[in-house]
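**Q** I would like the atomic coordinates for the input below:
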Amino acid sequence: MKLSLTLAFIAAVFAAGGVHAADKKIVLIAGKPSHGPGAHEHRAGCLLFQKCLAGFPGANVVVYDGGWPTKQVDGKAVDDDAALDDAAAIVFYSDGGEKHPALVGDRLAVLGRQVKRGAGIGAIHYAVEPTKEKGQAEWIDWIGGAFEIHWSVNPHWDGDFKTLPVHATTRGVKPFTTRDEWYFNMRFRPGMKNVTPILEAVPPADTMSRPDGKHSGNPAVREQVAKKVPQTVMWTSENEAGGRGFGFTGGHFHASWQKEDQRKLMLNAIVWLAHLEVPAGGVVSSVSGAEIAANLDPKPAPKKKS
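**A** Model (predicted):
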């Protein structure tokens, strides 16, 4: 009798909070503060997605900032890897390269265990870039592609997405244009196996105005742009374990999430990643200017030019 009462009490607590035992846990991992005001607002972006998905049937969205779930042990914050053990989807919105939070310690192995049991992995903006030496093989396996230095590039340009494929992530999304730091010429799985391009556009010639460098240009990508080859800047993937993945290379400017179609595409992708059903009209949400301005990282204002 006591056990039954205890279970009933726990169920009531979950229901009162809008969370049910059968809900799928979606973990959004926000990286540490980066760049100037309004850019790379990882925490604010994840909290915005959480707000937009509040009450979505079957979803329990949890946000961890600082780059990884943590817990207090003897007054110190340490990794709480177990927080991911029941996640249906794990999404990174963070810096990348050597600063990528997934590359710290044995976190790739922790993520590998989650992928093996079927958890989905998503990456937004700089988080699509691990390093070639560490993380690239996993990212290509888990999400389908990765930014590779001296191959991929990161210019700012107007991504004009004139058409969208038929896919769960594009439900209710209309063609749109956004100026962003759209990375392209990504390194994908051989033959694009089980990878579906979602956003494609032709970069303008001025994306190649910078000299060659690890992020800025190289002969291979210059040839692609000169030939006006459409570039994939968002994609989805599926893997052998039944898990899903996605990469979204935009997201540099926080204000862009106020654009309904871009935001809906991201929310659809997060829901799809967790194996939840995306509504026929996509995930409906609204975001005010005040909500866009909420939770921004404290960053120094740009210095005035003398």
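
**Q** Mind jotting down where the strands sit in this protein?
**A** 24-30, 59-64, 70-73, 76-79, 87-93, 120-124, 145-146, 157-161, 176-180, 187-188, 195-201, 231-238, 244-248 (DSSP state E).

**Q** The last one: partners in the sheet, and parallel or antiparallel?
**A** Partner strands and pairing direction for strand 244-248 (DSSP bridges) are strand 120-124 (parallel), strand 231-238 (antiparallel).

**Q** Figure out how far it is from the centre of its chain.
**A** Here strand 244-248 shows a centroid-to-chain-centroid distance of 7 Å under the convention C-alpha atoms, centre = their mean, to the nearest Å.

**Q** Could you list the buried residues of that strand?
**A** 244-248 (16 or more other C-beta atoms under 10 Å). For every residue, glycine as well, the C-beta is placed using N, CA and C.

**Q** again, but for the fourth one
**A** Judged by neighbour count using 16+ other C-beta under 10 Å, the buried positions of strand 76-79 are Asp79.

**Q** Quick one: closest of the strands of the chain to Asp297.
**A** Smallest distance to Asp297 across the strands of the chain (C-beta to C-beta): 9.7 Å, for strand 24-30.

**Q** Strand 87-93 and that closest one, what's the angle between them?
**A** 20 degrees (axes from the mean of the first three to the mean of the last three C-alpha atoms, to 10 degrees).

**Q** Sheet-wise, list the partners of strand 24-30 with their directions.
**A** Here strand 24-30 is paired, per DSSP bridges, with strand 59-64 (parallel), strand 87-93 (parallel).

**Q** out of these, deepest packed?
**A** strand 87-93 (a mean of 26; mean count of other C-beta atoms under 10 Å).

**Q** For Lys259, which of the strands of the chain is the nearest?
**A** strand 176-180 (6.1 Å).

**Q** Against which helices or strands is the closest one packed?
**A** strand 157-161, helix 260-273 (3 or more C-beta pairs under 8 Å, 6 or more residues apart in numbering; DSSP states H and E).

**Q** still on that earlier bit, dump the strands paired with strand 24-30 into CSV; add mean pLDDT as well.
**A** Formatted as CSV, the strands paired with strand 24-30 follow (pLDDT from 0 to 100):
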stretch, mean pLDDT
strand 59-64, 98
strand 87-93, 98
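
**Q** sorry, back to before: of the strands of the chain, which approaches Ala274 most closely?
**A** Short answer: strand 87-93, nearest of the strands of the chain by C-beta to C-beta, at 3.9 Å.

**Q** Now do the closest one against helix 260-273, angle only.
**A** Using the same axes, to 10 degrees: strand 87-93 against helix 260-273 is 140 degrees.

**Q** Name the residues that touch strand 87-93?
**A** Contacts to strand 87-93, defined as C-beta atoms under 8 Å, 6 or more residues apart in numbering, come from residues 24-31, 42, 45-46, 84, 100-102, 111, 114, 118-125, 127, 244, 251, 270, 273-276.
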